[in-house]
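J.: 3D model of this:
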Amino acid sequence: MITSGFHGKFYNYLEKKLNSGEQVLCINGKKYFITQEDRKRCMIEDSELSLVVFLYDYELWGQAGDVQSAYVCGSFTSWVENPDFKMTFSPELLLQYLAVPFSALKECGNSSHPEYKFCINGNYISLAGKNFIPEPYFFPSFDKNLMVVLSTDNLEEAIKLNRIAGWVKKLSDFDLESREGQEEISNFRLVPGTRKLFRSFHPFYPTGNRNEIFETEKKRIELVQKLASEEGIKSDINLTDDYTVFAGQEIHWLDGTCAKIEIPPYYQKIIDSKCVCNVAAPSGIVPSYEYVYAKPRDPLFGEWVRCIVNFIIDDSHPAPFQIHCAIGTDRTGVFSAVLGGLCGASWKEVSEDYEKTNRMGINEYRSKVFLAQSFQRLLDVEDISKVKNLSERLTDYFTTAKIEGEPILTMQQIKALIKKIG
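T.: Next up, the predicted model:
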C-alpha cells in the first residue's frame with residue numbers, strides 16, 4: 001500500500017494486475033483501469049469523485065535511468081515543485097501517478113486550461129518528439145505544455161485553440177498593404193478607452209532569438225517603427241529591460257542576412273527628449289510575467305502602475321505614448337488593460353484587445369481567461385465579466401489600496417490620466 005498526502009487528505013493507492021491481464025489502480029477501493037489511451041493522454045478524469053489522476057508512462061516518455069523524484073508542475077503550482085504534487089511510482093504499471101482534486105487545478109495557463117509539465121529529477125520533461133499525445137491534451141505554443149482537458153470542456157473548441165496556437169504565420173499570411181495587416185504583424189494598435197496610447201511589439205529588438213526562427217520578424221520590427229512614426233509617438237513606456245544597451249550588436253535574420261541593432265530615428269528623438277520611462281519599482285525591479293498575472297495585489301504591481309501613471313501625467317512627457325515589453329503580449333497586455341479600463345474601456349473591449357495579439361502567429365497564444373484571472377485577483381471578484389463598470393471598480397481599488405500608507409493613485413492622478421490619453 002502506498003500513501004500520498006494532498007491538502008490534508010490521504011488517498012490509499014493499491015496496484016494489482018487482474019487475471020485478465022488488465023492493469024488497475026485502486027483509489028480508496030475504486031478501480032481505475034489503465035488503458036494505453038489513458039497513458040497517452042497522461043491523465044484520467046474521475047468526474048464522480050472530482051479527481052484527475054496524472055500518469056507518467058516510462059515507456060512512452062522514453063524514461064531511462066533511476067527516477068529519484070517525480071512531480072507534476074504547472075500553472076496550478078506556479079511552475080515549481082510542490083510536495084502536494086509529488087508522484088508515486090508503480091513498478092507493476094511502470095509509471096508515476098498522482099491523484100489531484102479538480103479544486104486544486106483552477107489556475108489556468110495561457111491556453112485558458114490548466115497547463116503542466118512532468119518534472120523528473122528536477123528537470124522539466126520536454127514534449128519535443130512526443131507525438132503520442134492526442135489533441136487537445138497538449139498546447140503547441142512556444143512553451144509546449146500539457147493541458148488538463150475535462151469532459152465538461154468543449155473539446156472542439158480546445159482543438160481549434162491548439163491549432164491556432166501552433167500556427168506560425170508567414171509573410172504571405174498578412175495583407176501588408178493594409179493598415180489592419182500591418183497592425184496584425186506588428187502588434188501595434190490603439191489601446192481601447194484611449195486616444196493617445198498605442199501598444200506594440202518591441203520597437204527595435206528581437207528577443208528570444210525570434211530573428212532566427214520567424215521570417216516575419218524583420219518586417220514586424222520595421223512596421224512597428226513605421227506605424228509609431230506615422231502616429232507621431234513622442235513618449236515611450238518600456239515594461240522590460242533597457243535594450244538600448246544592445247545597439248550595434250550584430251544579429252542574423254532567418255533569410256540569411258545580417259544586420260546591427262539600430263535605434264530608429266523616432267525612438268532616438270524620444271531618448272534625446274528624456275521621454276522614455278523604463279518602468280521599475282523604487283527597488284529597481286522591473287515588471288515580470290509572474291507578478292502581472294499571479295500577484296497583481298502585491299505592492300510591486302501597485303508601484304509599477306503608479307510609475308506609469310506619474311510618467312504619463314507629467315507635463316514634460318508629451319502624447320502620444322507607446323507602451324511595450326518584449327513581444328507586447330503579457331506585461332503590455334495587462335498594463336494596457338488596466339490603463340484602458342481606468343480611462344473608460346469595458347471588460348469586453350480590453351479582453352478582446354488582449355486576444356488580438358494572437359494574430360501575430362508566432363507560436364504564442366493568450367486567452368482572455370488568463371487576463372481575467374489577473375483582474376479577478378486584482379479586484380477580488382469571482383467573475384470579472386460581470387463587473388458592470390470596470391473604470392469605476394479599478395478607480396475604487398487604486399484609490400483605496402495603499403503602499404506604505406499612501407494610496408496607489410489619487411483621484412487627481414486618475415483624472416489627469418484620462419485628460420492626457422483618454
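
J.: torsion angles phi and psi at the spatially closest residue to residue 141 that is not a sequence neighbour?
T.: In space, residue 141 comes closest to residue 165 once its chain neighbours are excluded; the distance is 4.4 Å by C-beta to C-beta, 6 or more residues apart in numbering. Every C-beta, even on glycine, is put in place using the N, C-alpha and C of the backbone. Phi and psi for residue 165, reported as degrees, to the nearest 10, are phi -60, psi -30.

J.: and residue 165, how far from residue 143?
T.: 10 Å (C-beta to C-beta, to the nearest Å).

J.: higher neighbour count, those two?
T.: Set residue 165 next to residue 143 and count neighbours by other C-beta atoms under 10 Å: residue 165 wins out with 22 against 17.

J.: contacting residues around the more buried one?
T.: 111, 139, 140, 141, 358, 363, 364, 365 (C-beta atoms under 8 Å, 6 or more residues apart in numbering).

J.: and which of these is nearest residue 89?
T.: Nearest to residue 89 among those is residue 139, at 26.5 Å by C-beta to C-beta.

J.: residues near that closest one, how many?
T.: Residue 139 has 26 neighbours, counted by other C-beta under 10 Å.

J.: what's the closest of the contacts of residue 165 to residue 372?
T.: Nearest to residue 372 among those is residue 111, at 13.3 Å by C-beta to C-beta.

J.: touching, the closest one and residue 160? I think so.
T.: No. Using C-beta atoms under 8 Å, residue 111 is not in contact with residue 160, being 11.6 Å away.

J.: these two: who's more crowded?
T.: Just comparing residue 111 and residue 160: by other C-beta under 10 Å the higher neighbour count belongs to residue 111, 27 against 13.

J.: once you drop chain neighbours, what's closest to that one?
T.: Distances taken as C-beta to C-beta, 6+ apart place residue 139 nearest to residue 111, at 4.7 Å, with adjacent residues excluded.

J.: could you pull up the residues touching that neighbour?
T.: By C-beta under 8 Å, 6+ apart, the residues touching residue 139 are 109, 110, 111, 113, 115, 145, 146, 147, 162, 165, 365.

J.: can you report how many residues neighbour the fifth one?
T.: Read that as residue 115. Using other C-beta under 10 Å, the number of residues around residue 115 comes to 24.

J.: so it touches residue 141, yeah?
T.: No. Judged on C-beta under 8 Å, residue 115 makes no contact with residue 141 at a distance of 9.2 Å.

J.: mind checking how far residue 240 is from residue 34?
T.: Look at residue 240 and residue 34: by C-beta to C-beta, they are 45 Å apart.

J.: which stretches in the stretch 201-350 of the chain count as strands?
T.: Assigned by DSSP state E, counting those that start in this stretch, the stretch 201-350 of the chain shows strands spanning 235-238, 250-252, 258-260, 276-278, 321-324.

J.: tell me which of those strands is the most buried.
T.: Highest mean neighbour count among those (mean count of other C-beta atoms under 10 Å): strand 321-324, with a mean of 26.

J.: run me through the strand neighbours of it, direction for each.
T.: If you go by DSSP bridges, strand 321-324 pairs up with strand 197-200 (parallel), strand 235-238 (parallel).

J.: may I have the first one as PDB, with CA atoms only?
T.: So that's strand 197-200. What follows is strand 197-200, C-alpha atoms only, in PDB (Å, rounded to 0.1, in the frame of the first residue of the first chain):
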ATOM      1  CA  LEU A 197      -1.800  55.400 -26.100                       C
ATOM      2  CA  PHE A 198      -0.600  52.700 -28.500                       C
ATOM      3  CA  ARG A 199       0.600  49.300 -27.600                       C
ATOM      4  CA  SER A 200       3.100  47.200 -29.700                       C
END
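
J.: contacts for that strand, please.
T.: By C-beta under 8 Å, 6+ apart, strand 197-200 touches 186-191, 224, 227-228, 231, 233, 312, 319-324, 328, 332-333, 336, 339-340, 421.

J.: show me the contacts for residue 306.
T.: Counted by C-beta under 8 Å, 6+ apart, residue 306 has contacts 403, 408, 409.

J.: do I have it right that the first one meets residue 305?
T.: Spelled out, that is residue 403. No. Using C-beta under 8 Å, residue 403 is not in contact with residue 305, being 10.1 Å away.

J.: look at those two and report which has more neighbours.
T.: Comparing residue 403 with residue 305 by neighbour count (other C-beta under 10 Å), the higher total belongs to residue 305, at 23 against 15.

J.: wait, the more buried one sits on residue 337?
T.: No. Between residue 305 and residue 337 there is no contact under C-beta under 8 Å: 11.6 Å.

J.: point me to the helix or strand that includes the residue nearest the centre of the chain.
T.: Centroid-nearest residue in the chain, with C-alpha atoms, centre = their mean: residue 110, separated by 4.6 Å. Using DSSP states H and E, residue 110 is not contained in any helix or strand.

J.: got a list of what it touches?
T.: Per C-beta under 8 Å, 6+ apart, neighbours of residue 110: 139, 141, 143, 364, 365, 366, 367, 370.

J.: can you rerun that using 7 Å?
T.: By C-beta atoms under 7 Å, 6 or more residues apart in numbering, residue 110 lies in contact with 141, 365, 366, 367, 370.

J.: and the residues you listed, which are buried?
T.: Buried positions within those, assessed by neighbour count (16 or more other C-beta atoms under 10 Å), are 141, 365, 366, 367, 370.

J.: in helices, which of these appear?
T.: Assigned to helices by DSSP state H, the following of the buried ones among the contacts of residue 110 qualify: residue 370.
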